[in-house]
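Asker: Compute the structure for the input listed below.
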Amino acid sequence: MRPALLRMATHYTEDTDEAEDVVQETLLKLWFLRDRLSQYRNVEALALVITKHLCINRKRGKHLVTVPLEEGLTIIGEQSPERRLMDVERMQELLELIATLPDLQQSILKMKHIEGFEVEEIARITGSTAIAVRTNLSRARKKVREQFMRRNKEWK
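Answerer: Below you'll find the predicted structure:
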């Protein structure tokens, strides 16, 4: 079975050393499955499928790009001062747009997205139904989105 696995792995990886590694890994997986191999109708087919999947996983792994730790921190968490300033300006603009909404929509939108209340809680607080709260939320979001897009045409 090993020569057939090696041919398949070489075909997928196009590298004999890597193909050897894949076959060894396949055989190791089969060894760990040895107690359950009798459950499979065709062990050779199982070995070929395992080999194929290992080759595909290795190819996918090659497409991953590694970056230095310092650069990764910038990508993940740290923002540049310019980016932070832009975020603050956008948030201020959104708050200004929310302030133009009717009082009920304004308060519902703030309760949902700023204070984190659930729709049912907002309905209880405002004395309306959950359906009315969802409708007002939808209308408020739509109005804010439309006004924001009008102001910032580059976002379209």
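
Asker: how close does residue 59 get to residue 129?
Answerer: Distance, residue 59 to residue 129, by CB to CB, to the nearest Å: 54 Å. Just so you know, the C-beta spots here come from the backbone N, C-alpha and C atoms, and that holds for glycine as well.

Asker: Same check on residue 115?
Answerer: The value you get for residue 115 to residue 129, if CB to CB is used, is 20 Å.

Asker: And for residue 145?
Answerer: Distance of residue 145 to residue 129, given as CB to CB: 24 Å.

Asker: ok, the residue nearest to residue 29 when sequence neighbours are not counted - how many residues close by?
Answerer: Nearest residue to residue 29, sequence neighbours excluded (CB to CB, 6 or more residues apart in numbering): residue 50, at 5.6 Å. By the measure other CB atoms under 10 Å, the count of residues near residue 50 is 20.

Asker: what's the answer for residue 19, then?
Answerer: Neighbour count for residue 19, taken as other CB under 10 Å: 22.

Asker: Can you tell me the SS state at it?
Answerer: Under DSSP: H, G, I helix; E, B strand; the rest coil, residue 19 falls in the helix class.

Asker: So which residues of the chain form helices?
Answerer: Under the criterion DSSP state H, the chain contains helices at 2-13, 16-32, 43-62, 69-76, 81-99, 103-113, 119-126, 130-151.

Asker: From residue 53, how far out is residue 86?
Answerer: In terms of CB to CB, residue 86 sits 44 Å off from residue 53.

Asker: Run through the chain and note the low-pLDDT ranges.
Answerer: Filtered on pLDDT under 70, the chain yields the residue ranges 62-80, 154-156.

Asker: 80 instead, please
Answerer: The model of the chain has pLDDT under 80 over residues 60-84, 87, 152-156.

Asker: In terms of residue numbering, what are the domains of it?
Answerer: With automatic domain parsing as the criterion, the domains of the chain are listed as 2-62, 79-155.
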